[in-house]
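*Asks:* Task: produce atomic coordinates for the following.
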Amino acid sequence: MAEQTQGTTGGLSVQGLPAWQLARRERIVLAALQLLQNQEYDRIQIRDVAQEAGVALGTLYRYFSSKEHLYAAVLLEWSALGRSRERRSKQGSAERHLRSRIRGVITAFERQPQFYKVQVLLQSSTDPNAKALLTEFAEAAQASLVEDFAPLGLDRAEDAATMMWAIIHSMLTQAIHHGVGMSEVYRIADGFIDLLADDLRRS
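*Replies:* Below is the predicted model:
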């Protein structure tokens, strides 16, 4: 079994881990998520996560090669929880669901902007493990949104999803880092959906 220490590029792969190790890894991720819910990323020390999870620091580094690797896993967990809640509440027309979905994404970042800041920060990570999980995060988010735009047909759904994410990220950056009101984020996102509303209703 490969072990991991701080500063290396390994980290135990989730593939093939026994149930007890998966449970321990999940406990670490949830502890890191809980810490991020209550404070900024820069204030969190990796030893704080280990303590919160009830594991030794060396044990944590067997699963995650760096703080960036760990928090890329946190982003995946956080987004998966959000999508699970959204699936349970899915109802109404395609347009109504899409508006609700986009408002939910924006609201999640509005309530906890530190998660958006981490997502942006990790874009510059040099840890290949963090980069791989961040790619997985982006692909899962894109696929979920393509599914929401599916009534437009696959090609248009993929284009619409790409444009929608670009709008959300651009506007959230303006709101979180440059003081633009969050109402503008909602307004611009709704305006984009307005452009496609007729096609969504006809589908």
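*Asks:* make it CA atoms for all contacts and neighbour counts henceforth
*Replies:* Will do.
*Asks:* Please determine how far the residue lying farthest from the centre of the chain is located from residue 154.
*Replies:* Using CA atoms, centre = their mean, the residue of the chain lying farthest from its centre is residue 202. It sits 31.4 Å away. Here residue 202 is placed at a distance of 16 Å from residue 154 (CA to CA, to the nearest Å).
*Asks:* Quick check: longest helix in this structure by residues?
*Replies:* Across the chain, the longest stretch assigned as helix under DSSP state H is helix 154-178.
*Asks:* State the pLDDT value of residue 4.
*Replies:* Turning to residue 4, the model gives it a pLDDT of 37.
*Asks:* again with residue 115
*Replies:* As predicted, residue 115 sits at a pLDDT of 96.
*Asks:* which parts of the helix or strand hosting residue 102 are buried?
*Replies:* For residue 102, the host element (DSSP states H and E) is helix 94-111. Neighbour-count burial for helix 94-111, with 16 or more other CA atoms under 10 Å as criterion, is recorded at 94-95, 97-104, 106, 108, 110.
*Asks:* Likewise for stretch 126-141?
*Replies:* Counting neighbours by 16+ other CA under 10 Å, the buried set in stretch 126-141 is 127, 129, 130, 131, 133, 134, 137, 138, 140, 141.
*Asks:* repeat for stretch 188-202
*Replies:* Those would be 189, 190, 193, 197, 200, for stretch 188-202 by 16+ other CA under 10 Å.
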